[in-house]
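**Q** I would like the atomic coordinates for the input below:
(4 chains)
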There are 2 protein chains.
Amino acid sequence: MKTTKQSAAAPERKRGSGVKVVYDLLRDEILDLVLPPGSPIDEVQLAERFKMSRTPIREALVRLAGEGLIDTLPNRSTMVSNLDFLNMSPFFDALVLMYRVTTQLAAQHHRPQDLVTIRARQKEFAAAVQTQDALAMIATNAAFHSAIAEAGRNPYFNSLFSRLLDEGRRFLRLYYQSYEDRLPQRFVEEHEAMIAAIIARDVVAAERLGKAHADQIVQQIQKLMVGDERLEIAL
Amino acid sequence: MKTTKQSAAAPERKRGSGVKVVYDLLRDEILDLVLPPGSPIDEVQLAERFKMSRTPIREALVRLAGEGLIDTLPNRSTMVSNLDFLNMSPFFDALVLMYRVTTQLAAQHHRPQDLVTIRARQKEFAAAVQTQDALAMIATNAAFHSAIAEAGRNPYFNSLFSRLLDEGRRFLRLYYQSYEDRLPQRFVEEHEAMIAAIIARDVVAAERLGKAHADQIVQQIQKLMVGDERLEIAL
DNA sequence: TGTCGAATTCTTGTCGACAAATAATATGCA
DNA sequence: TGCATATTATTTGTCGACAAGAATTCGACA
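**A** Purely as a prediction, here's the structure:
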């Protein structure tokens, strides 16, 4: 009777998948603000939580650090990276440019299968808006635009865009935690217009719609920064 | 007499620096094509080479994988990522756009200390051209443009640009291994013009010069792809 | 009560070992 | 000789342990 050590520790996990399991889950928790910015990350606790040794945990953390989702320094506690409200200009610049670029490139380079994927993501997004599920809307919006970027076939832009979408998710999560905004149907319609421009290979319209859409997101995030309610005190 | 295990294994290394040492050196070797595209990476050999256990080696490899410099699959040998000659368009698109964006942003956002750094990098580049040291020229060119990007103060663009410069380094290394081109003084002069436009905060000129410069690099790499010498055989 | 230094605890970086997965080599058979 | 299978060797993924570095707690003193 030979029970392997690993099977005893985590009987349902395939060898080689440990790092990915941890990475995926931590990534989701960071993006959904379950792990808020600045919160400490403790390897020992994670090892207990995931029922595995610290080694794959550490490797997952190296991956997350490489994507800017966590900050690490030697011999020091790792923590979830902060959202930098002091320097939003660079983020907005990059976000808007990448929305323009990826939407335009999708109009140029898309293939039939891409459109199937884009439509599927849009359907998920519309469902999230319909049910007024902000968390799902944020995630499906990012997935929709990520699918558009994939259709544009430029891995360099796509990796940057992916990072920006991730960070945007965290800002939007914070936004919808702060405001009880209804999720407007208008966003669904804007996505539809983008799809139509892409299908029509209308490069100019695609870029323009990409920009307009990005501008909306920028405005939402700016609202979060500026605040929307003034303190009214009679003096 | 208590000799710690670690001290006996690598007496000159500070705890916490292991991953970085391996990462830095492997990265340099990949970029200089000392480790050519496609070559296998063996953790055990690296552990022997660096006189440390495989754990920090693996962490360095995770970092390199995150930057696209190596390719890993579960339970399989890791290898240096290939240079993709079949899909150069996306690379060129991204490179040119990022040269434009970073040079323009430097004209907008640079600070006095930035100019000191940029000038220092330019001086190193000029020296490399003077001594016709292709390897140094490739590295100092990338450092020069990286310094310009830093002056533009957009970490999102800069991370993408950094990756593109890295990949460009590998292509250029291959180029200068294939051709005995002299390193032209013209490049030094173009850098000077870019510096002048940045100092003058001439956004339009900066962007134009950035584009022209990038186009040159694209041409060099295209020359590598097309080949420059036809096989002459009398039939 | 506040400060400082010492002691203790906790967390991180690395170690070497074990075992699973893969690659390479050997063997048998047509 | 070529192919399939078995065996062996090698490499990767993970384990738990050790120790260094950092954080926290405790005790002494002004």
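
**Q** how much space between the residue nearest the centre of chain A and residue B:154?
**A** Central residue of chain A (Cα atoms, centre = their mean): residue A:166, 2.7 Å from the mean position. Computed with Cβ to Cβ, to the nearest Å, the distance linking residue A:166 and residue B:154 is 17 Å. Every C-beta, even on glycine, is put in place using the N, C-alpha and C of the backbone.

**Q** again, but for residue A:15
**A** 41 Å.

**Q** Compare the two (neighbour count), which wins?
**A** Neighbour totals were compared for residue A:15 and residue B:154, and residue B:154 leads with 24 against 11 (other Cβ atoms under 10 Å in any protein chain shown).

**Q** Relative to DNA strand C, how far out is that one?
**A** Distance check for residue B:154 against DNA strand C: by Cβ to the nearest atom of the strand, to the nearest Å, it reads 28 Å.

**Q** Next: residue A:44.
**A** 5 Å.

**Q** same deal with residue A:58?
**A** Residue A:58 is 6 Å from DNA strand C, by Cβ to the nearest atom of the strand.

**Q** Do a quick rundown of the strands in chain A.
**A** A:40-41, A:70-71, A:78-80 (DSSP state E).

**Q** Let's have those strands in a markdown table, adding mean pLDDT, distance to residue A:116 and mean neighbour count.
**A** Listed next are the strands of chain A as a markdown table, based on pLDDT from 0 to 100; distance: least, Cβ to Cβ, whole Å; neighbours: other Cβ atoms under 10 Å in any protein chain shown:
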| stretch | mean pLDDT | distance to residue A:116 | mean neighbour count |
| --- | --- | --- | --- |
| strand A:40-41 | 94 | 38 | 14 |
| strand A:70-71 | 95 | 35 | 20 |
| strand A:78-80 | 95 | 35 | 19 |
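
**Q** quick one: which of those is nearest residue A:87?
**A** Nearest to residue A:87, of all those, is strand A:70-71, at 15.3 Å by Cβ to Cβ.

**Q** Apart from its chain neighbours, what residue comes closest to the residue in chain A that DNA strand D sits nearest to?
**A** Of all residues in chain A, the one sitting closest to DNA strand D is residue A:18 (2.5 Å; Cβ to the nearest atom of the strand). Leaving aside its sequence neighbours, residue A:18 sits nearest to residue A:56 (Cβ to Cβ, 6 or more residues apart in numbering or on different chains; 3.7 Å).

**Q** what sits against the one you found?
**A** A:18-19, A:22 (Cβ atoms under 8 Å, 6 or more residues apart in numbering or on different chains).

**Q** what's the answer for residue A:193, then?
**A** Applying Cβ under 8 Å, 6+ apart, we find residue A:193 in contact with residue A:209.

**Q** where does the residue nearest to residue A:18 land on pLDDT?
**A** Residue A:56 carries a pLDDT score of 96 in this model.

**Q** in chain A, which segments are predicted with low confidence?
**A** Within chain A, the segments meeting pLDDT under 70 span A:1-12, A:227-235.

**Q** can you list the residues of it near DNA strand D?
**A** Within chain A, the positions adjacent to DNA strand D are A:5-6, A:9-10, A:13, A:15-19, A:51-56, A:59, A:75-77 by Cβ under 7 Å from any atom of the strand.

**Q** 10 Å - rerun?
**A** Proximity of chain A to DNA strand D is confined to A:4-10, A:13-22, A:40, A:43-44, A:47, A:50-60, A:73-77 under the rule Cβ under 10 Å from any atom of the strand.

**Q** And the buried ones among those, selectable in ChimeraX?
**A** Filtering the residues of chain A next to DNA strand D down to the buried ones (16 or more other Cβ atoms under 10 Å in any protein chain shown) takes a single ChimeraX command:
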select /A:10,13,18,19,21,22,43,47,50,52,56,57,58,59,60
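
**Q** Please tell me how far the nearest residue to the residue nearest to the centre of chain A once chain neighbours are set aside sits from residue B:68.
**A** In this structure, residue A:166 finds its nearest non-sequential neighbour in residue A:31, 5.8 Å apart by Cβ to Cβ, 6+ apart. Distance of residue A:31 to residue B:68, computed by Cβ to Cβ: 22 Å.

**Q** Residue A:57 now?
**A** Taken as Cβ to Cβ, the span from residue A:57 to residue B:68 is 23 Å.

**Q** Likewise for residue A:29?
**A** When distance is defined by Cβ to Cβ, residue A:29 is 25 Å away from residue B:68.

**Q** Next: residue A:79.
**A** Residue A:79 is 26 Å from residue B:68, by Cβ to Cβ.

**Q** Once you drop chain neighbours, what's closest to residue A:77?
**A** residue A:40 (5.2 Å).

**Q** I'd say that neighbour and residue A:71 touch.
**A** No - the pair residue A:40 and residue A:71 does not pass the contact test of Cβ atoms under 8 Å, sitting 10.7 Å apart.

**Q** Quick check: neighbours shared by these two?
**A** A:78-79.

**Q** count of residues packed around residue A:27?
**A** Count around residue A:27 with other Cβ under 10 Å applied: 18.

**Q** go on, residue A:208?
**A** Residue A:208: 17 neighbours (other Cβ under 10 Å).

**Q** Quick one: residues contacting it.
**A** Applying Cβ under 8 Å, 6+ apart, no residues contact residue A:208.

**Q** Could you do residue A:221 as well?
**A** By Cβ under 8 Å, 6+ apart, the contact set of residue A:221 is A:88, A:92, A:168, A:171-172, A:175.

**Q** any idea how far DNA strand C is from it?
**A** Distance, residue A:221 to DNA strand C, by Cβ to the nearest atom of the strand: 30 Å.

**Q** who does residue A:70 bridge with?
**A** residue A:80 (DSSP bridges).

**Q** Give me the distance between it and residue A:53.
**A** The value you get for residue A:70 to residue A:53, if Cβ to Cβ is used, is 19 Å.

**Q** same deal with residue A:29?
**A** Taking Cβ to Cβ as the measure, residue A:29 falls 20 Å from residue A:53.

**Q** ditto for residue A:22
**A** Residue A:22 is 11 Å from residue A:53, where distance means Cβ to Cβ.

**Q** Also residue A:129?
**A** Distance of residue A:129 to residue A:53, computed by Cβ to Cβ: 43 Å.

**Q** quick one: residue A:163 and residue B:156 touch, right?
**A** Yes - counting by Cβ under 8 Å, residue A:163 does reach residue B:156; the two are 7.0 Å apart.

**Q** between those two, which one's more packed in?
**A** Remark: of residue A:163 and residue B:156, residue B:156 carries more neighbours, 21 against 18, as counted by other Cβ under 10 Å.

**Q** doesn't residue A:91 make contact with that one?
**A** Yes - under the criterion of Cβ under 8 Å, residue B:156 makes contact with residue A:91 at 6.6 Å.
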